[in-house]
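Enquirer: dropping a prediction and its sequence here:
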Amino acid sequence: MSKLNTAVNIAGVEFKNPIVTASGTFGFGREFSEFFDLSQLGAVSVKGLTLKPKAGNPPPRAAESASGMLNSVGLQNPGVESFIKDELPFLRGFDTKIIANMAGNTVEDYVEMARILSDSDVDMLEVNISCPNVKEGGVAFGVDERSVYEVTKSVKAVAKKPVIIKLSPNVTDIKKMARAAESGGADALSLINTLLGMRIDIKTRRPILKNNTGGLSGPAVFPIAVRMVHDVYETVNIPIIGMGGVARGEDAVELMMAGASAVAVGSAALVNPLAPIEIKRGLEKFMEENDVCDVTALTGAARMW
Amino acid sequence: MSKATYNAEIAAKRWHAGNIYEIIIECEQLAHDCRPGQFLQVDCGDGTFLRRPISIYNVDGARVSMIFEVRGRGTRYLSQLKAGEYLNVLGPLGNGFDTDIDGDILVIGGGLGVFPLYMVAKSKGKSCDAVLGYKTERVLVSHDRFADVCREVVITTDDGSYGVQGTAVAAAHSLVVNHHYKAIFACGPLPMLKAVHALACKYNIPAWVSLEERMACGFGVCLACAVKSRENEEEYLHVCKHGPVFNSKEVML
């Protein structure tokens, strides 16, 4: 069989393969670089950035659940300026695309960050309007069509890089949010962020997480991701970076068949740091065994009954 | 010292007392890389999603051992494994105890916190004294191994069923008064570590404490295992990356 084409094009940016690391599970790449060469990845999405440094939520910040976990980290990060100065040069040393994930409390925050990051060496901007763990904002923008539209339009007005809008699954109809982002000018979408959940310690009768609630991720959410990616794929004409519980190469194939053009790996890499690479190999193996020469042929390949 | 995942063969699994078990794996590279006070992230089978962080008890040749208590699904799975089966571990992780300090040191362990101190005691030998606190005589584990390597070992039990009745830190007090320790290394429940910090401050001895916090990845990316910095209350440090061993003045206990 001839050479596989694994490259995908997301809003004009070419990823050498569809495998991306999901924001919040990858830090800024330093820790993972001890396990594998980051140049093997299609793209990386860095830890969610805020305008000013953010301490995050008090611990405990993690709780296990069946086939997954809850987290309430609360966007702990060194701030956008420190990212550009201290972290970006290291990441730029690898041959991979860099997606800057940003979260704000106000539309002005997003606009300001988009302005700052547009002048930096990142390849794309990912607008996080779906973090469930910060009280002030994040998800507040992602659950209302008008604010999705407003944030998208405002960011697009200043951004000099392609803009990805990261959607929340904690909505009644994700198609409406996807449409709002597309009409606001989004170049691509990423979904799903975590689902809001809670665990209670039955001995202490208190939630395990100090924040009470947290975002559920891991294989438990995978079928929801597949359904939502499919719904959004049928609704919009911009590319989708699919994520949510992807743990094996076959999961990446499935999410692409549902409509994703690229696939991000999150929680699986917290358990097995080599997961992104193993998933990439699994995807290639599927292509070889099933005579898929071009990975882009998988996107939306599922036929509904 | 590089971290990696290993599929290691189980050389032995032992029951010690109560719910306390030891698991010994054969893994030459890992054994070579492990330092006192570091930990492993252990895959606990299909019934769990996250790995479980377990401290390293001992390294002997190519063998690495961990002593743990059955507390939930993951540790129950571990307790049921048998020699000859395989265990997937990620490590070694975290920063251990700095055993290069010249002069005498004191280790203070409480409950399961005794076990991460054994390699410290072994490497310091006769320049190390130990105070080991247990609930009761029935759960006395590994105290004889400390006695083999340390200069002086004091055992305390909460109920007085063995050794000195009372807490480990109370017993440590008289040792501290009568010796010139260059450092205290401690591991155990939070109230004990607070008392160690107070003792260390009172006698102006640097103390290093090994902390626990709910953890997901274990290698510094998820930022779950946060502990507040004492220097800057707006800042969180992370047990897996900056610890698990901290100077007691570095963190809010």
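Expert: In hand now; what should we look at?
Enquirer: for chain A, give me its nearest residue in chain B.
Expert: Nearest residue of chain B to chain A, counting by Cβ to the nearest Cβ: residue B:224, 3.6 Å away. C-beta coordinates here come from the backbone N, C-alpha and C atoms, glycine included.
Enquirer: chain A contacts on the stretch 1-150 of chain B?
Expert: Within the stretch 1-150 of chain B, the residues that sit near chain A (Cβ under 8 Å from any Cβ of the partner chain) are B:2, B:3, B:4, B:5, B:43, B:48, B:49, B:50, B:51, B:90.
Enquirer: dump the residue contacts of the third one.
Expert: Remark: with contacts taken as Cβ atoms under 8 Å, 6 or more residues apart in numbering or on different chains, residue B:4 is in contact with A:35, B:29, B:30, B:90, B:91.
Enquirer: which of these fall in helices?
Expert: B:29, B:30 (DSSP state H).
Enquirer: beyond the lengthiest helix in chain B, next helix or strand please.
Expert: Across chain B, the longest stretch assigned as helix under DSSP H is helix B:190-202. Tracing the chain C-terminally past helix B:190-202 and defining elements by DSSP states H and E, one meets strand B:207-210 next.
Enquirer: pull the CA atoms of that next one into PDB?
Expert: Extracted C-alpha coordinates of strand B:207-210, given in PDB (Å, rounded to 0.1, in the frame of the first residue of the first chain):
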ATOM      1  CA  ALA B 207      12.400  19.800  58.500                       C
ATOM      2  CA  TRP B 208      11.300  18.100  55.300                       C
ATOM      3  CA  VAL B 209       7.800  16.600  55.100                       C
ATOM      4  CA  SER B 210       6.300  14.300  52.500                       C
END
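Enquirer: chain center to it, what's the gap?
Expert: For strand B:207-210, the separation from the chain centroid amounts to 10 Å (computed by Cα atoms, centre = their mean, to the nearest Å).
Enquirer: for that strand, which positions count as buried?
Expert: Neighbour counts over strand B:207-210 (16 or more other Cβ atoms under 10 Å in any protein chain shown) mark B:207, B:208, B:209, B:210 as buried.
Enquirer: and for stretch B:79-92?
Expert: Counting neighbours by 16+ other Cβ under 10 Å, stretch B:79-92 gives B:79, B:81, B:87, B:88, B:89, B:90, B:91, B:92 as buried.
Enquirer: output the below-cut-off pLDDT ranges for the chain.
Expert: No chain in the question, so chain A it is. For chain A, the stretches with pLDDT under 70 are A:1-2, A:132-139.
Enquirer: oops, I was thinking of chain B
Expert: Within chain B, the segments meeting pLDDT under 70 span B:1.
Enquirer: how's it carved up into domains?
Expert: Listed by automatic domain parsing, the domain ranges of chain B are B:4-93, B:105-210.
Enquirer: what about the helices in chain A?
Expert: A:80-82, A:88-92, A:107-118, A:139-142, A:145-158, A:174-183, A:222-235, A:249-258, A:267-271, A:275-289.
Enquirer: likewise chain B?
Expert: Taking DSSP H, the helices of chain B run over residues B:28-33, B:73-79, B:118-124, B:143-149, B:168-178, B:190-202.
Enquirer: any idea what the residue of the stretch 51-200 of chain A found nearest chain B is bridged to?
Expert: Nearest residue of the stretch 51-200 of chain A to chain B, counting by Cβ to the nearest Cβ: residue A:62, 3.6 Å away. With DSSP bridges applied, residue A:62 shows beta-bridge pairing to residue A:71.
Enquirer: surely it touches residue B:223?
Expert: No - using Cβ atoms under 8 Å, residue A:62 is not in contact with residue B:223; the gap is 9.2 Å.
Enquirer: what is in contact with those two at once?
Expert: Residues touching both residue A:62 and residue B:223 by Cβ under 8 Å, 6+ apart: residue A:73.
Enquirer: just name the most buried of the helices of chain A.
Expert: Comparing these by mean neighbour count (mean count of other Cβ atoms under 10 Å in any protein chain shown), helix A:267-271 comes out on top with a mean of 26.
Enquirer: picking up where we left off before, any chance of the buried residues of strand B:207-210 in a markdown table, plus distance to chain A?
Expert: Compiled in a markdown table, the buried residues of strand B:207-210 are given as follows (distance: Cβ to the nearest Cβ, whole Å):
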| residue | distance to chain A |
| --- | --- |
| B:207 | 22 |
| B:208 | 20 |
| B:209 | 16 |
| B:210 | 16 |
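Enquirer: which parts of the stretch 201-305 of chain A sit against chain B?
Expert: A:208, A:218, A:219, A:267, A:269, A:270, A:271, A:272, A:273, A:274.
Enquirer: widest-spaced pair of the residues you listed?
Expert: Farthest-apart pair in those is A:208 and A:274; separation 28.2 Å (Cβ to Cβ).
Enquirer: of those two, who's got more company?
Expert: residue A:208 (20 against 16; other Cβ atoms under 10 Å in any protein chain shown).
Enquirer: how about the nearest residue to that one, chain neighbours excluded?
Expert: Leaving aside its sequence neighbours, residue A:208 sits nearest to residue A:63 (Cβ to Cβ, 6 or more residues apart in numbering or on different chains; 4.0 Å).
Enquirer: contacts only, for the one you found.
Expert: Residue A:63 touches A:69, A:70, A:199, A:208, A:209, A:214, B:214, counting by Cβ under 8 Å, 6+ apart.
Enquirer: go with 6 Å
Expert: Listed by Cβ atoms under 6 Å, 6 or more residues apart in numbering or on different chains, the contact set of residue A:63 reads A:70, A:199, A:208, A:209.
Enquirer: centroid-wise, who is the farthest residue in chain A?
Expert: Going by Cα atoms, centre = their mean, the residue of chain A most distant from its centre is residue A:203, 35.0 Å out.
Enquirer: OK, contacts around that one?
Expert: By Cβ under 6 Å, 6+ apart, residue A:203 has no neighbours at all.
Enquirer: could I get the phi/psi values of it?
Expert: For residue A:203, the backbone dihedrals are phi -80, psi -40 (criterion: degrees, to the nearest 10).
Enquirer: how near is it to chain B?
Expert: Taking Cβ to the nearest Cβ, to the nearest Å as the measure, residue A:203 falls 12 Å from chain B.
Enquirer: next, count neighbours for the residue nearest to residue B:231 when sequence neighbours are not counted.
Expert: The shortest distance from residue B:231 to any non-neighbouring residue, by Cβ to Cβ, 6+ apart, is to residue B:250 (7.0 Å). Using other Cβ under 10 Å, residue B:250 is surrounded by 17 other residues.
Enquirer: now do residue A:291
Expert: Residue A:291 is flanked by 7 other residues according to other Cβ under 10 Å.
Enquirer: go on, residue A:13?
Expert: Other residues near residue A:13 number 20, with proximity taken as other Cβ under 10 Å.
Enquirer: how much space separates the closest residue to residue B:253 other than its chain neighbours from residue A:248?
Expert: Excluding the flanking residues, the one nearest residue B:253 by Cβ to Cβ, 6+ apart is residue B:194, at 4.9 Å. Distance from residue B:194 to residue A:248, counting by Cβ to Cβ, to the nearest Å: 45 Å.
Enquirer: which parts of the longest helix of chain B are buried?
Expert: Neighbour-count burial for helix B:190-202 flags B:192, B:193, B:195, B:196, B:197, B:199, B:200 (criterion: 16+ other Cβ under 10 Å).
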